[in-house]
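Novice: Any chance you could fold what I've pasted below:
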Amino acid sequence: MKSIQTYSSKIAFISLVLFAFMMNVATAQSVYVGKAGPKGKVLRKYIEPSELKKIVDNPVDSIWIIDVRSEKAYANGHIPTARSFPYSTIVDRSNEIPKDKYLILYCTIGASAKIALKNLKKAGYKRTIDWGGISRWEGEKETK
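Specialist: Residues are numbered from 1 along each chain as shown. As a prediction, this is how the structure comes out:
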């Protein structure tokens, strides 16, 4: 009887560890969007590429898509409606970005967007998400 309890405890523990690991992986890759309160609560819904395409096809003034790659990379092809704010200059140019907008940032693979987001959050931006890399974009790219 004791060995069955030990075996069951080990299975439960391993299952819990695997579940925690899977949740960590899932949240690390998640991108959220949705309604936020007036104080800029965390955006809540995962954006699939098809959902971002809907935002691009039906732009609204309250959502800005921001490309934080270099000007050259932006000119070579970007998500339509995206605005260019290279991550190395985004804090210096933050006066051009309203704090009441929802900001969807992307870069080449996601690392620069993460850095830019961190800097924007330090500057008081709350309605921000890291969409990751442009390689996730399934639509046509616009060139400058």
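Novice: which element is the most centrally placed residue in the chain on?
Specialist: For the chain, the residue sitting closest to the mean C-alpha position, by C-alpha atoms, centre = their mean, is Asp130 at 2.0 Å. According to DSSP states H and E, Asp130 maps onto strand 128-133.
Novice: So in that sheet, which strands flank that strand, and in what orientation?
Specialist: Here strand 128-133 is paired, per DSSP bridges, with strand 102-107 (parallel).
Novice: Just list what the helix or strand that the strand it pairs with is followed by packs against, helices and strands only.
Specialist: Per DSSP H and E, strand 102-107 leads on to helix 111-122 as the next helix or strand towards the C-terminus. Counting contacts by 3 or more C-beta pairs under 8 Å, 6 or more residues apart in numbering; DSSP states H and E, helix 111-122 packs against strand 102-107, strand 128-133. Quick note: C-beta positions are derived from backbone N, CA and C, even for glycine.
Novice: which stretch among those strands comes nearest Ile14?
Specialist: strand 128-133 (30.5 Å; C-beta to C-beta).
Novice: State the mean pLDDT of that closest one.
Specialist: Mean per-residue pLDDT for strand 128-133: 90.
Novice: Work out the gap between it and the centre of the chain.
Specialist: Computed by C-alpha atoms, centre = their mean, to the nearest Å, the chain-centroid distance of strand 128-133 equals 2 Å.
Novice: Stretch 9-16 now?
Specialist: 32 Å.
Novice: residues contacting Tyr106?
Specialist: Listed by C-beta atoms under 8 Å, 6 or more residues apart in numbering, the contact set of Tyr106 reads 65-68, 79, 82, 113, 130-134, 136-137.
Novice: at 10 Å instead, please
Specialist: The contact partners of Tyr106, by C-beta atoms under 10 Å, 6 or more residues apart in numbering, come to 31, 52, 65-69, 78-79, 82, 112-113, 116, 129-137.
Novice: Let me know the pLDDT of it.
Specialist: We have a pLDDT of 95 for Tyr106.
Novice: how much space between it and Gln5?
Specialist: 50 Å (C-beta to C-beta, to the nearest Å).
Novice: any idea how the chain splits into domains?
Specialist: 1-30, 32-136 (automatic domain parsing).
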